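Peer 1: Fold the following.
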Amino acid sequence: MRRKKIAFITSNPNCIYVERLLTGIFSQARAYGFDVLVFASMVEVCHFLKDYLEGELNIYELIRSPLIDGVIVDTCSLTVDHEDTVTNKLLQILKERPPIPVVSLDMTFGPYEVAQTDDTVAFETITRHIIKQHGCRDIGFLSGLEEEDVPGKRLIGFRNAMRECGIPVNEDRIYHGEYWYSYGERIADQVERGEITLPEAFICSTDYVALGLVNRLKKYGIRVPEDVLVTGFDAIAEAAINDPTITTFVPMCAHTAAEAVNRIAKQIAPELGTRPVELSAHSNLITCRSCGCEDHKDDIIQQFDLSIMKKNPNFGEEGVSEKIDLNRFLGSYMPEQVNSAETSDECIWNIFVHAYLLWPYERFALCLREDWKDYESVLEKGYPKKLKMVIDTNPKQTIFSDTDGVVYDTEDLLPGLDQGDEEPMVWYFTSVHHIRNTLGYAVLKRNLREKKELDDVYSLWLRNVQTSLEMIRVRNKLLGFSERDSLTGLYNRRGMDRWIREKLRRNTGSGIFVFVIDMDGLKYVNDNFGHDEGDFAIRAIASALQSAETEHDITVRTGGDEFCVLTLSEQPGEERAAEILTAIERANAVAEKPYSISASIGYAGGELTSEVLDRLLQEADEMMYSNKKQKRKNIFKNSDNMGQEQSGGDEGE
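Peer 2: Below you'll find the predicted structure:
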């Protein structure tokens, strides 16, 4: 029986907020036996490089897949800086696909259900701490935007605690803004200008706001906590390592995410009933120096470890092979190796051998457009109907080749997605692109019990992969300039030589036919009609040869009016030569020129080896000249006969 699959749509998955959401989703998905498909932009939706962001956001097009049974949307991470472009795009995609249950986390998302974290208790706790532990009464509250649901709950918690402690709420001390550094910085600027008098404490709706406030106040010489106390909310890493460290609170968003799974399960698997949420709910207040308390050292050490490169690994330590950090990544010299490839297959191999940097994982796959190497081919929205899996670490069928990649229907997301795993799994889908141009996507499969998620190592690893793929595309373009004839677009001798080397490496000993084609009368056309017409005739011959080309061929312009076709096809040489001449005759008829567009041809067949090939080219060339010579004799003979007939006629008259 196919395992049910819940899609989770998010951005910047290596941030601590998304990690907490994933903890709740994974825990509850295991309880129901659901797979989780994570579709993530690796950067925030307010990323400064907008063209790059577009390439990242394209990954959300995959939620059109019919394999997805329900969707959970991390609406908060998709609306940073109150930007709704991404959520509008998602709403349109969901509208266009067959309906499935959708649950949004903490914020309104179109017509869909919302699972909301009740932050009331959290802000009651923070406010009571500021009042009872530090004796503050004049407190400023930096809330979110008034029209949003989330800040309303936080503000209610603040009001409740103030009333509980017998302190009237000063409405002039409640401020509204976005959940970002800029909001806190703006409040600090107003304090500096005297527009806001400094309270005893600021309670901020997020750590980002608190960090912006604290660090801008410090710039103005206003000390925290000596001059004003400040608290945040969200317990992000920056709060723990800032100077001063920020008093904060670990939100209960993991429980909210788990509840979202319950709501999806109720619709897609009602027979399973409702599974209890089994997540710890210990006291989440983390007191630090920004409110005048001592640092919470354990949290600082933990966040410090997560935020910096570790020391050199002890390879004798158990499990060290799976502990990949930034230091291990940088020491791998991955960029130098993956960018040194000369061919697409070398590039794919180099990427494959560096997949160990993503451990631990159950499976990794790289899926690309079939035409990804073509520099002229650009795709900025969506995916083609079919993709090619060029890397797959599946032990049952390992793949690491562009040439021998597996083509599959994109709506299936990945070959073997339903391969009967004993336990539910998480599949991370991330975009592979160069700026706006979508090349494909990467898929990382892990057990839902695995704590490691998409971190900075994965983000940097993926960026190196994207750069290496783009370098192959650029190299192909440069090769095209050096290996293509500028007039006709056919390969030149350099391109033919490379094709021959590749075929000798892969197909030595197989049969090959060589056709040498020489245009008739180019000098006559140039002398009597001009070189532009001569170029037209050359291009007409080239187009005719291309129209007769098969997947086994290479067509080459070897000189001014000389062409060559090499083929591994088993078609008889005489039959193929006739097809080529017929194509040229059609080109002549279509051109309707005052001169004839024609060519002479010779061919030879034999075994594909470097020694035999030289001989075949010579034999085909000799046959072509023999045919050309015979054609001239026939022309002169016909001309003489016409002259004799004309003379006889005159005499008769």
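Peer 1: Nearest residue to residue 468 in space, please, no chain neighbours.
Peer 2: Using C-beta to C-beta, 6 or more residues apart in numbering and skipping residues adjacent in sequence, the residue nearest residue 468 is residue 338, 4.0 Å away. In short, each C-beta sits where N, CA and C put it, glycine included.
Peer 1: Okay, strands next: where are they in the stretch 301-450 of the chain?
Peer 2: 363-368, 386-392, 399-400, 406-409, 425-434, 437-447 (DSSP state E, counting those that start in this stretch).
Peer 1: Next, format these as CSV and append mean pLDDT.
Peer 2: Listed next are the strands of the stretch 301-450 of the chain as CSV, based on pLDDT from 0 to 100:
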stretch, mean pLDDT
strand 363-368, 96
strand 386-392, 97
strand 399-400, 94
strand 406-409, 96
strand 425-434, 96
strand 437-447, 96
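Peer 1: Of all these, which one is nearest residue 39?
Peer 2: strand 425-434 (4.9 Å; C-beta to C-beta).
Peer 1: Against which helices or strands is the closest one packed?
Peer 2: Applying 3 or more C-beta pairs under 8 Å, 6 or more residues apart in numbering; DSSP states H and E, one finds that strand 425-434 contacts helix 16-32, strand 35-41, helix 50-57, strand 363-368, strand 437-447, helix 456-483.
Peer 1: Paired strands for the helix or strand that the third one is followed by, with orientation please.
Peer 2: So the one you mean is helix 50-57. Using DSSP states H and E, the next helix or strand after helix 50-57 towards the C-terminus is strand 70-73. Next to strand 70-73 in the sheet, as set by DSSP bridges, lie strand 5-11 (parallel), strand 102-105 (parallel).
Peer 1: Now strand 70-73 - C-alpha only, PDB.
Peer 2: Presented in PDB, the C-alpha positions along strand 70-73 are these (Å, rounded to 0.1, in the frame of the first residue of the first chain):
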ATOM      1  CA  GLY A  70      -1.700  17.200   1.900                       C
ATOM      2  CA  VAL A  71       0.200  20.400   2.400                       C
ATOM      3  CA  ILE A  72       1.500  22.300   5.400                       C
ATOM      4  CA  VAL A  73       2.700  25.900   4.600                       C
END
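Peer 1: circling back: tabulate the strands of the stretch 301-450 of the chain (a markdown table), appending distance to residue 233 and mean neighbour count.
Peer 2: Shown next, in a markdown table, are these (distance: least, C-beta to C-beta, whole Å; neighbours: other C-beta atoms under 10 Å):
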| stretch | distance to residue 233 | mean neighbour count |
| --- | --- | --- |
| strand 363-368 | 36 | 24 |
| strand 386-392 | 41 | 22 |
| strand 399-400 | 46 | 20 |
| strand 406-409 | 45 | 14 |
| strand 425-434 | 28 | 22 |
| strand 437-447 | 30 | 23 |
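Peer 1: Mind checking those for the one nearest to residue 506?
Peer 2: Evaluated over these, closeness to residue 506 peaks at strand 399-400, with 16.7 Å, by C-beta to C-beta.
Peer 1: residues making contact with that closest one?
Peer 2: With C-beta atoms under 8 Å, 6 or more residues apart in numbering as the test, strand 399-400 has contacts from 348-349, 352, 389-392, 405-406.
Peer 1: residue contacts, residue 452?
Peer 2: Neighbouring residues of residue 452 by C-beta under 8 Å, 6+ apart: 360, 446.
Peer 1: That one falls within a helix, correct?
Peer 2: No - Residue 452 is assigned coil when assessed by DSSP: H, G, I helix; E, B strand; the rest coil, not a helix.
Peer 1: Sweet, I'm off.
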